[in-house]
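[1] Predicted model and sequence follow; I will ask about them next.
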Amino acid sequence: MPLRADMSIWRGNNAPPLVWTIPEGVPITGSAFFLTIGASGSLLVVKDTVSGSLVLNPSLRELRWSYSTAESRLIPAGQIAEYEIERRADGIEITELYGFMTGLGGLNTDASPAEGSSLDFSNVDNSNLQLMGWI
């Protein structure tokens, strides 16, 4: 069974990086790891150790995602987004870690909607409980 490890990210920031510890017993040698973050049926972020967008430190058994400001803003406010970290090796794909990716904050002065913009009520991801964007 995968290990649940809920995470939080401050929206509009690019530090500190998010770090996951790979559980003991999970093989690292010869494995590639893939981070996927999604919400409301949409993929928000996809990173992996193959491309180097997700960094593996085998001696510490850590995966590190150094996200950009724009990437952190993709995570909706609240406990809406979920993530999975999958390990792939020798034709086997298995989820090792999963949980909520809670978006915090995001009221940075450089994140304000453009002048004259309005909420996009035609976006299917927008509801009375979750308004995800400006147009």
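    Alright, I've got the coordinates. Just so we're clear, the structure is a prediction, and the values are computed from it rather than from any experiment. Residues are numbered from 1 along each chain as shown.
[2] Going along the chain, name the strands of this structure.
    Assigned by DSSP state E, the chain shows strands spanning 3-4, 7-10, 18-21, 32-39, 42-48, 55-57, 62-65, 78-89, 92-104.
[3] Now find how far off-centre the shortest one is within its chain.
    Taking the mean C-alpha point of strand 3-4 and that of its whole chain, the gap between them comes to 15 Å (C-alpha atoms, centre = their mean, to the nearest Å).
[4] got the buried residues for stretch 40-60?
    For stretch 40-60, a neighbour-count test (16 or more other C-beta atoms under 10 Å) marks 44, 45, 47, 48, 49, 53, 54, 56 as buried. Using the backbone N, CA and C atoms, a C-beta is placed for each residue, glycine as well.
[5] Out of these, which is nearest to residue 74?
    Of all these, the one with the least separation from residue 74 (C-beta to C-beta) is residue 44, at 4.6 Å.
[6] how much space between that closest one and residue 1?
    25 Å (C-beta to C-beta, to the nearest Å).
[7] on that earlier part again, out of the strands of the chain, indicate the one that is most buried.
    The highest mean neighbour count among those, using mean count of other C-beta atoms under 10 Å, belongs to strand 32-39: a mean of 19.
[8] Given that strand, what are its sheet partners and their directions?
    For strand 32-39, the paired strands and their directions (DSSP bridges) read strand 42-48 (antiparallel), strand 78-89 (antiparallel).
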